[in-house]
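>>> Make a model of this:
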Amino acid sequence: MGLFDRLKEAIQPHDAAARDPQRAQQIAASVLLLEMAHADNNHDPAEYDEIRRQLKAHFGLSDGEVEELIAAAAPKARASVSLYEYLKTLNEGLDMDEKREVLEMLWRVAYADNELDAHEEHLLRDLAELLYLPHEQFIKAKFAVTGESI
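Numbering: from 1, shown residues only. Now for the predicted structure:
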C-alpha cells in the first residue's frame, strides 16, 4: 500500500459509527464506560453488568444490541491512547443535560462494586471537566446516583 492509499484510509470513516452520529455517540459513551470500569484495575463483573444496564436503559437497546455495542467499543477502548475523539463526539452531539446523563452513567459504573476508588474519582472529575460540565453538574450527577442531597 502506497503513501496515498494509507492517507486516504486514515481520513475515511472506518466503520458505520463515523457515518451515523447516534451510533458514534453510543460507541463514545461505551468507551468511556469501559474506561471507568478499568480505572481501578479491578475488573469487577458488577461494573460490566452495570455498563450493560446503563447502555440498555439510556439508549433503549435490546440485550443483543448492547452486546454488539460493547463488542464494537471494547477494541476501541483497548487501542485508545486518548479519549479526545470520544469526548469530542459527545461534546459536539449532546447538550449539557445529555452530557450530565452520561456522567451519571459513569458514576453508576464507578459505584457498581460499592467502592469509589481514587482513580475512579479522578477519572470522573477529569471527564466532567472534559465534557465542559460545571462542578455543580458533577455534584448533581453524583448525588443522583448516591441518593445524597445537596
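>>> got the buried residues for the helix or strand containing Ile27?
Under the criterion of DSSP states H and E, Ile27 resides in helix 21-38. Residues of helix 21-38 classed as buried: 23-38 (neighbour count, 16 or more other Cβ atoms under 10 Å). To be clear about C-beta, it is placed using only N, CA and C from the backbone, and glycine gets the same treatment.
>>> Next SSE downstream of that helix?
helix 45-59.
>>> So, low pLDDT: which residues of this structure?
1-18, 149-150 (pLDDT under 70).
>>> between the buried residues of helix 21-38, which is closest to Thr89?
Ala28 (4.2 Å; Cβ to Cβ).
>>> mind checking how far the closest one is from Gly64?
20 Å (Cβ to Cβ, to the nearest Å).
>>> How about His38?
For His38 relative to Gly64 (Cβ to Cβ), the value is 24 Å.
>>> Same check on Leu55?
Distance from Leu55 to Gly64, by Cβ to Cβ: 12 Å.
>>> likewise Ile139?
Ile139 is 36 Å from Gly64, by Cβ to Cβ.
>>> who's more crowded, those two?
Ile139 (13 against 8; other Cβ atoms under 10 Å).
>>> Can you point out the helix or strand that includes the more buried one?
With DSSP H and E as the test, Ile139 turns up in helix 135-146.
>>> From what I see, Leu32 and Leu83 are in contact.
Yes. With contacts counted by Cβ atoms under 8 Å, Leu32 reaches Leu83, the gap being 6.8 Å.
>>> joint contacts of these two?
Common neighbours of Leu32 and Leu83, counting by Cβ atoms under 8 Å, 6 or more residues apart in numbering, are Leu127.
>>> Export the helix holding Ile27 to PDB, keeping only CA atoms.
As requested, the backbone C-alpha atoms of helix 21-38 are provided in PDB (Å, rounded to 0.1, in the frame of the first residue of the first chain):
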ATOM      1  CA  PRO A  21     -23.900  10.300  14.700                       C
ATOM      2  CA  GLN A  22     -26.200   8.400  17.100                       C
ATOM      3  CA  ARG A  23     -24.100   5.300  16.800                       C
ATOM      4  CA  ALA A  24     -20.900   7.300  17.200                       C
ATOM      5  CA  GLN A  25     -22.400   8.800  20.500                       C
ATOM      6  CA  GLN A  26     -23.300   5.300  21.700                       C
ATOM      7  CA  ILE A  27     -19.800   4.000  21.000                       C
ATOM      8  CA  ALA A  28     -18.200   7.100  22.600                       C
ATOM      9  CA  ALA A  29     -20.300   6.600  25.700                       C
ATOM     10  CA  SER A  30     -19.500   2.900  25.800                       C
ATOM     11  CA  VAL A  31     -15.800   3.600  25.500                       C
ATOM     12  CA  LEU A  32     -16.000   6.000  28.500                       C
ATOM     13  CA  LEU A  33     -17.900   3.400  30.500                       C
ATOM     14  CA  LEU A  34     -15.400   0.800  29.800                       C
ATOM     15  CA  GLU A  35     -12.600   3.200  30.800                       C
ATOM     16  CA  MET A  36     -14.400   3.700  34.000                       C
ATOM     17  CA  ALA A  37     -14.700   0.000  34.700                       C
ATOM     18  CA  HIS A  38     -10.900  -0.300  34.100                       C
END
